[in-house]
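A.B. asks: A structural model of the following input is requested.
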Amino acid sequence: MKLDKDARMGFLHAMNAAMVTDRIPDIQTQARDITKRQLQEWFTWMDRVFDIHRSNFVFRQPTPAELVEHATALKHSIRTCHLIYALIADPDFNEPDLTARLQVRIRQLQDAYDTFHDATLSDEDAEKILKQVFPE
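C.D. replies: As a prediction, this is how the structure comes out:
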């Protein structure tokens with residue numbers, strides 16, 4: 001892979017500027033800001049997942065193939081949330097609002113999964129969860 005000449009020059013200029021300065025960049029703050037931005041994107045993506053969940057699984061009867069895809073998507077989402085949680089729950093990250101929001105999302109995803117895919121969950125319990133998560 002080749003960088004075009006302008007991109008290489010921009011990169012080299014930035015590297016020279018970083019090497020010339022007496023100050024070391026605040027990498028921790030930069031990493032924290034990037035993580036917060038990515039987490040906001042993750043929350044936006046999860047909003048879409050819940051919209052799809054409501055419109056395709058709560059308000060209509062899904063096909064068996066759709067249920068398999070639904071289970072896979074929710075399991076992946078839950079696992080990814082747990083990985084993100086491990087990162088942001090670090091005391092050095094110190095963003096309790098984001099941590100709390102992610103915990104709520106994990107519970108919502110788990111409830112959505114359990115409602116449709118947990119064989120030990122009774123129909124009555126599933127209906128109760130649906131009413132709690134999606135009040136009419």
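A.B. asks: please count neighbours and contacts with C-alpha atoms only from this point.
C.D. replies: Will do.
A.B. asks: next one, pLDDT for the spatially most central residue of the chain please.
C.D. replies: By Cα atoms, centre = their mean, the chain has its centre lying nearest to Trp42, at 3.7 Å. On pLDDT, Trp42 comes in at 93.
A.B. asks: so how far is Leu130 from it?
C.D. replies: Noted for Trp42: a distance of 23 Å to Leu130, by Cα to Cα, to the nearest Å.
A.B. asks: same check, this time on His53
C.D. replies: Distance, His53 to Leu130, by Cα to Cα: 11 Å.
A.B. asks: and the residue nearest to the centre of the chain, helix, strand or coil?
C.D. replies: Using DSSP: H, G, I helix; E, B strand; the rest coil, the structure places Trp42 in helix.
A.B. asks: check the one 3 residues further on too.
C.D. replies: For Trp45, the reduced secondary structure class is helix; criterion used: three-state DSSP.
A.B. asks: and for it, the neighbour number?
C.D. replies: Around Trp45 there are 12 other residues, counting by other Cα atoms under 10 Å.
A.B. asks: what do you get for Pro91?
C.D. replies: When neighbours are counted by other Cα under 10 Å, Pro91 registers 9.
A.B. asks: with Pro25 instead?
C.D. replies: Residues near Pro25, counting by other Cα under 10 Å, number 10.
A.B. asks: tell me the spacing between Gln132 and Gln108.
C.D. replies: 10 Å.
A.B. asks: more neighbours, these two?
C.D. replies: Per other Cα under 10 Å, whichever of Gln132 and Gln108 has more neighbours is Gln108, with 16 against 11.
A.B. asks: for the host helix or strand of that one, packing partners?
C.D. replies: Using DSSP states H and E, Gln108 falls within helix 96-117. Counting contacts by 3 or more Cα pairs under 8 Å, 6 or more residues apart in numbering; DSSP states H and E, helix 96-117 is packed against helix 64-88, helix 123-133.
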